[in-house]
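Colleague: What follows is a predicted protein model with its sequence.
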Amino acid sequence: MSKRSASSSTSTLTASSPGKRTKSSIPANYSESSSLTPSIAPIQVVRLSSTHPEWPAPPSKLQEATEFLQTCAASPPSERILLVPDKDADGLCSGVTMYRTLVHALGIDPSRIDIHLMTKGSNPSAETQRICMTEYGAKWIIVLDQGSRNGPPLVPGAEHGWGSAHPDTVRTMVVDHHWLPEGNPGPQGCLMLNACHHKPVATASLLTWILCRPLWSDEELAQVQIDYVAVLGTMGDLSVNVDWSAPFPDLTPEVRKWTKKRLGSAIALLNAPRRTPDFDVITAWSALLASTSPLTILDPATNENAARLYEARDAVSLETERCTHTPPKFSKDGRVAVLRITSAYQVHPSIATRWTGSLKSKNLQVVMCANDGYTPGMVNFSCRIAAVAKKRGEEVNIITILNSYADQDAEWKREVMEAVGGDAFNGHPQASGGIFPKEHWDKFYELMQVGVPPDGSSRAGGEGGAGAKVSKTKLPAQKNNLLAMGFSTSPKKKPPSQPQTEQDAPS
């Protein structure tokens, strides 16, 4: 199975416990099935077999990550802890799962924990963000679902390594599932727990849940606190139709309990604020952290942020519809269709997704949407695999395809990698993207030869590349619902039967 399927200000807050804190000790020889509550059967967090003997990450790394958390829990109360979750449903759910585990399973005082949310268009390797993270004075930093790019230490002191006894050491851990070439370490000195090389690739929230779930000695409390959060995050990346077969844990009881419809609606609300110009991710974080179930996210009576979440969702829907009908142009070789938009909203990933099934070409493999209005001076672009390529049975690796164009000018590629502080293209082989300064985007656009007709063709402007067609009957128009965007209808409207979400990529 494939991946189932900078601002001057910084959003920060000090997290507080969502309820009465429960301290519990960890058995010295606990296992993935350990539990002190005999009335509830312990859940099997992974289901290994001869087909999947090792999953969702290298066992040695999972053990090291467990030791990291246990050592953090045993550290002096004066040592602060910083969580850095990503902005989407998967990242936020990773953060809440980690937070609740630290507080409720490991007994850490919530006043020790700070939450740092990245500013719009930024990432942990950006200098401004490293400065912001440094200012917390944390001795323990856990970054979740933010990408795994190589780079400098996240903060001064991290370069000593997470296991160092140096007095100035800041211990850092990255929990992620985005692509990282084998052997690459990620940020200098960090403990890297990455799922990208173990198919089916676990989402960041599922990886976090698998790491954290065995640390709960109270099975019933764990079920109530983090199981529904793992389902929300996993569906946030892989759609509500996640295949929960092995090696995935069997979380179908949670799905039946809350229903796909309600889970999809909650995911839509959590994803909405990050897509708006306000980029008020803190609203989604606060709603999720305060929740006790998916239903409490949806209900204004139990979620004081509900009005803003619904408002953001509806605004994003309207902006998506406005930008969707941009006509595509094609690279000279016909492999990439490019749609260019100007929007202050993060709608480029959704638009790329919507167009994947509407273009027909014998060479088409990738649909790209580039947005020059989201971040001043930058172009954010998102790429998805064209449905026609999947139908042909092709194993498309978007990152490889994008690099094939960039490699035509090695000197420029070095320049753009220096400008963005890491790899030019990030995300997943099936869902990738990037953020380029405008001048570098123009050069990349030129290297792809977008709008240049193929040799021997009489077509002008590359409209369709090599034999491409746009299906008039399958144009990605809004069909009086928000399914394609991952947005369900508001409570007063008749909801669609299968709300969907999309894969994530750092764009």
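Modeller: That came in fine, so what should we check first? Residues are numbered from 1 along each chain as shown.

Colleague: looking only at pLDDT, what's the mean for the longest helix anywhere in the chain?
Modeller: Determined from DSSP state H, the single longest helix within the chain is helix 306-324. Helix 306-324 shows a mean pLDDT of 96.

Colleague: Over to stretch 220-230?
Modeller: 98.

Colleague: From the chain's centroid, how far away is it?
Modeller: Relative to the centre of its chain, stretch 220-230 is centred 20 Å away, using Cα atoms, centre = their mean, to the nearest Å.

Colleague: Output that stretch in CSV with nothing but the alpha carbons.
Modeller: Extracted in CSV, the C-alpha atoms of stretch 220-230 (Å, rounded to 0.1, in the frame of the first residue of the first chain):
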residue,chain,number,x,y,z
GLU,A,220,-8.9,2.8,29.9
LEU,A,221,-7.4,6.3,30.4
ALA,A,222,-5.2,5.8,27.3
GLN,A,223,-8.2,4.8,25.2
VAL,A,224,-10.1,7.9,26.3
GLN,A,225,-7.2,10.3,26.0
ILE,A,226,-5.3,9.4,22.8
ASP,A,227,-7.0,6.7,20.7
TYR,A,228,-9.5,9.0,19.0
VAL,A,229,-6.7,11.6,18.5
ALA,A,230,-4.6,9.0,16.6
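
Colleague: got the contact list for it?
Modeller: 22, 37, 39-40, 43, 93, 96-97, 100-101, 104-105, 205-206, 208-209, 212-213, 216, 251, 254, 257-258, 288, 292-294 (Cβ atoms under 8 Å, 6 or more residues apart in numbering). Yep, even glycine has a C-beta here, placed from its N, CA and C like the rest.

Colleague: Keep only those of the residues you listed that are in helices.
Modeller: 93, 96-97, 100, 205-206, 208-209, 212, 254, 257-258, 288, 294.

Colleague: gap between the longest helix of the chain and the chain center?
Modeller: That offset, for helix 306-324, works out to 20 Å (Cα atoms, centre = their mean).

Colleague: What residues of it count as buried?
Modeller: 306, 308-310, 312-313, 315-317, 319-321, 323-324 (16 or more other Cβ atoms under 10 Å).

Colleague: How is this structure partitioned into domains?
Modeller: 11-258, 326-471 (automatic domain parsing).

Colleague: I'd like to know which of the ones you listed lies nearest to residue 266.
Modeller: Comparing these by their distance to residue 266 (Cβ to Cβ), the top pick is domain 11-258, with 6.2 Å.

Colleague: you'd agree residue 252 is up against residue 242?
Modeller: No - using Cβ atoms under 8 Å as the test, residue 252 is too far from residue 242 to be in contact (9.3 Å).

Colleague: Burial check on the closest residue to residue 374 other than its chain neighbours, number of neighbours?
Modeller: Spatial nearest neighbour of residue 374, chain neighbours left out: residue 380 (4.8 Å); criterion: Cβ to Cβ, 6 or more residues apart in numbering. Number of residues near residue 380 (other Cβ atoms under 10 Å) recorded here: 24.

Colleague: With residue 391 instead?
Modeller: There are 10 residues near residue 391, going by other Cβ under 10 Å.

Colleague: Let me know the pLDDT of it.
Modeller: 96.

Colleague: What backbone torsions are found at it?
Modeller: phi -60, psi -30 (degrees, to the nearest 10).

Colleague: buried ones in stretch 93-113?
Modeller: 93-106, 108, 110, 112-113.

Colleague: repeat for stretch 373-381
Modeller: For stretch 373-381, burial by neighbour count (16+ other Cβ under 10 Å) applies to 373-375, 378-381.

Colleague: how long is that stretch end to end?
Modeller: End-to-end distance for stretch 373-381, by Cα to Cα, to the nearest Å: 11 Å.

Colleague: related to what we said a few turns ago, could you tell me which of the buried residues of stretch 373-381 belong to helices?
Modeller: Short answer: these have none in helices (DSSP H).

Colleague: tell me the two of those residues that are most distant?
Modeller: Checking the buried residues of stretch 373-381 with Cβ to Cβ, the most distant pair is 373 and 381, at 12.4 Å.

Colleague: The nearest residue to residue 169 once chain neighbours are set aside and residue 205, how far apart?
Modeller: Nearest residue to residue 169, sequence neighbours excluded (Cβ to Cβ, 6+ apart): residue 160, at 4.4 Å. Using Cβ to Cβ, to the nearest Å, residue 160 is found at 29 Å from residue 205.

Colleague: of the two, who's got more company?
Modeller: Comparing residue 160 with residue 205 by other Cβ under 10 Å, the one with more neighbours is residue 205, at 35 against 18.

Colleague: Helices of the stretch 401-507 of the chain, residue ranges please.
Modeller: In the stretch 401-507 of the chain, helices defined by DSSP state H, counting those that start in this stretch lie at 410-420, 438-448, listed in chain order.

Colleague: Tell me which of those helices sits most buried.
Modeller: Stretch with highest mean neighbour count among the helices of the stretch 401-507 of the chain: helix 438-448 (a mean of 18; mean count of other Cβ atoms under 10 Å).

Colleague: what packs against it?
Modeller: strand 336-341, strand 378-385, helix 398-406, helix 410-420 (3 or more Cβ pairs under 8 Å, 6 or more residues apart in numbering; DSSP states H and E).

Colleague: Now render those as CSV, adding mean pLDDT and distance to residue 262.
Modeller: Formatted as CSV, these follow (pLDDT from 0 to 100; distance: least, Cβ to Cβ, whole Å):
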stretch, mean pLDDT, distance to residue 262
strand 336-341, 98, 32
strand 378-385, 97, 27
helix 398-406, 97, 32
helix 410-420, 94, 39
